[in-house]
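Chemist: I would like the atomic coordinates for the input below:
(chains A, B, C and D)
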There are 2 protein chains.
Amino acid sequence: MPAAAPPLRITPASPLFLREDEIRRGIELLYFGYTAMIRGADAILEAQGFGRAHHRALYFIARRPGLSVGELIGLLGITKQSLGRVLTELQARDLVEQAIGTTDRRQRLLSLTAAGTALETRLFTELERSMARAYGEAGQQAVTGFWSVLMGLVPPEDRPRVEALQD
Amino acid sequence: MPAAAPPLRITPASPLFLREDEIRRGIELLYFGYTAMIRGADAILEAQGFGRAHHRALYFIARRPGLSVGELIGLLGITKQSLGRVLTELQARDLVEQAIGTTDRRQRLLSLTAAGTALETRLFTELERSMARAYGEAGQQAVTGFWSVLMGLVPPEDRPRVEALQD
DNA sequence: CAGATATGTCAACATGACTGTCCCAACGAT
DNA sequence: ATCGTTGGGACAGTCATGTTGACATATCTG
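Modeler: Model prediction:
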């Protein structure tokens, strides 16, 4: 059972919820909410000499162990040169390891080492703290709305890739 | 009246909506949704030789005309040196102007020129296109949930600053 | 008047993205 | 079996945007 919701006073969207004011409210909350959630992990990363780019790579490798370099590039939306540096550093620190692809031997399938899993868990726990508090304050129904709007922001052609993360 | 919602199949949050899977879903949707919304304006910015930092400054100056440099620094969460470079460039291009503070003459109150307003409007229209589509697909009630969760992500001590943007 | 505050500026540096190029190994089809 | 394509790695240079630190100036406040 979820804890009783503390009083989070949110003005509901009006029937005219496509007015500029309400659009701007969404833009601003998305900006501040996103940066607030991310910020929690920054101290851990900095202590390790890593940045947010390393975090994103760790996150998706943890989420889809055995994914190929190309798939990770697609998820992150960056170039292979940009990812290359990050991946090299994570491997040098024994947080990420590669395996030769089984069906296609050109592929390098990425996974976390035990140390990598440990770090990713610490980072995830930070994000989880923010997100769980927000979910708990807002309630189950609000969470569904939150997901709906965010998925609506993703261009339809990119949605399958996001859905595919959900097993 | 809003257009009939197209079929946006979103699995609702389960009663156990604080499980790791559902937390991860929120993290991922927040990441992909945020980047998708932002991306729309990038082409306009690049054509002008600007980046996202310029966009954020323009956005908040448009939102709160006459705000001081210190207030803008607080909203953006960056140092005055970082903002200084951005602001200098925007002023050199006659998009932003300064006025001496009325009650405190040390303050520089920022506002957009006509050209600045024109550019900000173009950029906003891009964001609005994404956001309005997402709102429309998800519906009024989902928008309220979207706002609730995002506000819950913002640390309570930072919430007044976000609320203050809503007039 | 003295100290604190708002802002500006110069310099050095770090991160993380980009483009462009070249390379090699492995796949796939002819 | 050769050949074009693909997955991945490596090197070089550049750019945007953030950081710290130090110092200057004008103005406010006690």
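Chemist: pLDDT at whichever residue of chain A sits closest to DNA strand C, what is it?
Modeler: Residue of chain A nearest DNA strand C, by Cβ to the nearest atom of the strand: residue A:51 (1.3 Å). Bear in mind the C-beta positions are built from the backbone N, C-alpha and C, glycine included. For residue A:51, the pLDDT comes out at 95.
Chemist: wait, it sits on residue A:45?
Modeler: Yes: applying Cβ atoms under 8 Å, one finds residue A:51 in contact with residue A:45, separated by 6.1 Å.
Chemist: looking at the two, which one has more neighbours?
Modeler: Each of residue A:51 and residue A:45 has its neighbours counted (other Cβ atoms under 10 Å in any protein chain shown); residue A:45 has more, 19 against 13.
Chemist: for the more buried one, what are its contacts?
Modeler: The contact partners of residue A:45, by Cβ atoms under 8 Å, 6 or more residues apart in numbering or on different chains, come to A:51-52, A:54-55, A:123.
Chemist: on the three-state scheme, it is what?
Modeler: What DSSP: H, G, I helix; E, B strand; the rest coil gives for residue A:45 is helix.
Chemist: now swap in the one 10 residues further on and tell me
Modeler: Three-state assignment for residue A:55 (three-state DSSP): helix.
Chemist: and it, how far from chain B?
Modeler: Noted for residue A:55: a distance of 11 Å to chain B, by Cβ to the nearest Cβ, to the nearest Å.
Chemist: burial of that residue, as a residue count?
Modeler: Neighbours of residue A:55 (other Cβ under 10 Å): 23.
Chemist: surely it touches residue A:123?
Modeler: Yes: Residue A:55 lies in contact with residue A:123 (Cβ under 8 Å); the separation is 5.8 Å.
Chemist: what do the two both touch?
Modeler: Both residue A:55 and residue A:123 are contacted by A:41, A:45, under the criterion Cβ under 8 Å, 6+ apart.
Chemist: neighbours around residue A:121, how many?
Modeler: Other residues close to residue A:121 by other Cβ under 10 Å number 13.
Chemist: how far does the host helix or strand of residue A:115 sit from the chain's center?
Modeler: Using DSSP states H and E, residue A:115 sits in helix A:114-138. Taking Cα atoms, centre = their mean, to the nearest Å, one finds the center of helix A:114-138 at 10 Å from the center of the full chain.
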